[in-house]
Structure formats: C-alpha cells, structure tokens
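Enquirer: sequence first, predicted model second:
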Amino acid sequence: MMFTVAIDGPAAAGKGTISRAVAARFGFAHLDTGALYRAVGVKGGDPVAAARSLSPEDLARDDLRTLEAGQAASKVAVIPEVRQALLEFQREFARREGGAVLDGRDIGTVICPAAEVKLFVTASPEVRAHRRWLEVGGDAAQVLAEVKERDERDMNRADAPLKPAADAVVIDTSTLSVEAAVAAACAEVAARLR
Ligand code: C5P
C-alpha cells in the first residue's frame, strides 16, 4: 500500500511531534525533511555540492537541532539547485510501500501534491518561540526574533515558499494539548484510510 501524509508548517509548530505520533500509530515510515536542509546548512562549503552528496553520516550529526543549524538551513533552502538535489529522495521516500509521513515546508505543495492527507500545522510566533526556548534555552527574546526571521525567509522565498496547500487541513496548536493535536491529525488519516 502507498499512502502519503504531508505535514507542513512553520518552525516549532509541533510538526515533528505530530508526524512521529502519526507514523507510530499507523505503522508508516517518517522523514523529517528539515533535517536534510539542516545537514546541508551545517556541512559548509558549496551548498549545492553538499546537497548532491548528502550521506547518512551527515544526517546523523548531533548538532542539527541548534538555532544556528536552523538559520543555516533556511539560508541554503532558498537556493533552487539545493531544493532540486533533495527532491527525488523525498519523493521516493513518500511513495515507499507501507505508507510514509513527511514533514517540512513544501511537502503538500511541491514534493507530494497528490498526498492522500495534507496537514498544515501552525501556532502563533510567541507560542512557537516559547516551545523552542524550552528546547534550546538561552535568551527568550532572541529565540522569538530567530523564529520570526526564519518564518519571514521561509514564507517569502521565490522557490517553494512555506504556505498551506489549497486542500490542506489546518491544525492550529496554539491552544491545543499535544494529545488533542495528535488526535486531530490521526482522525484525518483514519478518515482517508477508511
Ligand atoms: O523543520 P526545520 O526547522 O528542521 O527546518 C529547517 C529549515 O529548513 C526551515 O526553516 C526551512 O528553511 C528549511 N526547509 C525547507 N523545506 C522543507 C523542510 C525544511 O525549506 N521541506
């Protein structure tokens, strides 16, 4: 069976948590596509060459979740050749046997426009910055500024900007518990599997 769940949204909206929970609940494979861009960003050197030669070791680095890696990722993510180099891997993953969940910024719009389920997970910048601050610590005002800067860059780039697909179901997690957000996402998948 092939079945793709596309989960897009801005940084720290809860995509990762929801994606992992949906994948576990339905036995689907999960790909965090942000990790691909983070790995390209932290590798250094020519980003296009880095994207073309990305290896499992690059994706296993333990510094991919830092604020710096997030910023570096959103800078290399504006380069069309970088996006192109990562496209086929993501599409193949999406069509694997047994079902797949991919989370990112352009899964429902560009990578898998025919995905069976498309979710757009969002939350206010303040709520997202607070969640990110709980993860990474440091100066809260700086974390908020970083979240807003990355939103700005991701939403306004020319190639594959962050936006909900026309047929995406929006889940705003600003005031939802993790359990409620996961339940809403699972209900969408279950409804489509019936
Ligand atoms: O989701 P995460 O915060 O790990 O993503 C890091 C950055 O990678 C995003 O801010 C965005 O610029 C880029 N990205 C993207 N397309 C995706 C996933 C991530 O452009 N599908």
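Expert: That came through fine.

Enquirer: quick check: Gly41 vs the ligand, distance?
Expert: 8 Å (C-beta to the nearest ligand atom, to the nearest Å). Glycine gets a C-beta too; all of them are placed from N, C-alpha and C.

Enquirer: typo on my end, Glu126
Expert: With C-beta to the nearest ligand atom as the criterion, Glu126 and the ligand are 17 Å apart.

Enquirer: does that residue count as helix, strand or coil?
Expert: helix (DSSP: H, G, I helix; E, B strand; the rest coil).

Enquirer: so who does it touch?
Expert: Going by C-beta atoms under 8 Å, 6 or more residues apart in numbering, Glu126 touches Leu144.

Enquirer: check it and give its pLDDT.
Expert: Confidence at Glu126, expressed as pLDDT, is 98.

Enquirer: repeat for Leu67
Expert: 89.

Enquirer: count of residues packed around it?
Expert: Leu67: 18 surrounding residues under other C-beta atoms under 10 Å.

Enquirer: so it touches Glu146, yeah?
Expert: Yes - when contacts are counted by C-beta atoms under 8 Å, Leu67 is listed as touching Glu146 (5.5 Å).

Enquirer: what touches both of those two?
Expert: Arg132.

Enquirer: where do the helices sit along this structure?
Expert: 15-26, 34-43, 47-52, 56-59, 67-76, 80-94, 125-136, 140-156, 178-193 (DSSP state H).

Enquirer: any idea which of these is most buried?
Expert: helix 34-43 (a mean of 23; mean count of other C-beta atoms under 10 Å).

Enquirer: of all the helices of the chain, which lies closest to Asp103?
Expert: Of all the helices of the chain, helix 15-26 sits nearest to Asp103, with 4.2 Å by C-beta to C-beta.
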